[in-house]
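Colleague: quick one, fold the following:
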Amino acid sequence: VTSDGTDFGDVEVAGGTKDHVFTVTNTGVATLYLDGATTVAIGGAQSAEFTLTSGPSQTNVVSGGYVTFTVRFDPAATGLRQANVTISNNDGDEDPYTFDIQGTGIAPEMGVYSNTTTLADEDTDPSVAEGTDFGGVGVTYGAVTNTLTITNSGTAILYLTGGTLVDITGHTSDFTADTSGITTNIAAGSYTTFKLIFDPTASGTRTGVVSIANNDSSENPYNFYIQGTGT
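Modeller: Sure, this is the predicted structure:
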């Protein structure tokens with residue numbers, strides 16, 4: 001449970017860690033000896049994700065004394081992660097002293113939708129159905145605007161981290177991004193929207209690449225191709 005520190009709670013998979021300090025006390029009248037080959041041993045299914053980062057500073061605890069040690073949780077995957085702590089000692093009825101620990105790995109999961117269609121990261125094939133092919137637009141008049149939705153289907157906050165939230169390369173004079181209403185931190189299960197505008201400056205096929213920097217470790221940056229035809 002979280003109240004006694006044995007549940008580390010939610011920690012982000014990419015770059016997140018959480019430390020908990022545990023205290024070994026001796027309420028008896030004789031010296032308590034921590035006598036294992038490893039003073040504090042961590043085992044169990046995901047033991048590699050829980051590490052002893054400090055302590056105990058000594059292996060003999062006098063009557064009324066205590067020592068501390070620190071365990072760090074650094075999840076390698078999302079979901080519940082579990083391990084156990086074992087402390088060998090000379091307490092006649094609590095040797096070894098064992099308890100379970102756990103934590104939950106969380107991570108954002110970015111997606112982009114246009115016209116209810118998912119745009120895959122690194123999509124190199126613009127299409128009208130996906131809203132990434134703007135079709136034919138007159139060079140001397142008019143423009144076409146498509147609204148795209150950024151979603152977070154993960155379990156942690158999705159942050160849009162770029163200085164230019166939606167960056168466009170290619171025919172940059174023909175494509176612009178309107179990010180005036182965009183949210184830069186998107187809660188799990190939530191979304192935000194932005195607009196792409198195609199206003200061709202020349203005839204023929206005009207192309208670009210949209211790049212959105214974010215904290216999704218597997219889709220950063222999120223890239224997809226766009227195009228339109230100046231007529």
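Colleague: number of nearby residues for residue 2?
Modeller: Using other CB atoms under 10 Å, residue 2 has 10 neighbouring residues. From N, CA and C alone the C-beta is placed, and that goes for glycine too.
Colleague: what sits against it?
Modeller: Contact partners of residue 2, counting by CB atoms under 8 Å, 6 or more residues apart in numbering, are residue 9.
Colleague: and it, how far is that from residue 10?
Modeller: Residue 2 is 10 Å from residue 10, where distance means CB to CB, to the nearest Å.
Colleague: what residue is smack in the middle of this structure?
Modeller: With distances taken as CA atoms, centre = their mean, the chain has residue 107 as the residue nearest its mean C-alpha position (3.1 Å).
Colleague: does anything pack onto the helix or strand containing residue 148? Which helices or strands?
Modeller: Here residue 148, judged by DSSP states H and E, is contained in strand 144-152. If you count contacts as 3 or more CB pairs under 8 Å, 6 or more residues apart in numbering; DSSP states H and E, strand 144-152 packs onto strand 110-114, strand 133-137, strand 185-186, strand 191-198.
Colleague: can you give the distance of the lowest-mean-pLDDT helix or strand in the chain from its chain's centre?
Modeller: Across the helices and strands of the chain, the lowest-confidence element by mean pLDDT, DSSP states H and E is strand 117-119, at a mean of 90. Averaging C-alpha positions (CA atoms, centre = their mean, to the nearest Å) puts strand 117-119 21 Å from its chain's average.
Colleague: what residues sit buried inside it?
Modeller: For strand 117-119, the neighbour count (16 or more other CB atoms under 10 Å) marks residue 119 as buried.
Colleague: same check on stretch 179-192?
Modeller: 179, 182-183, 186, 191-192.
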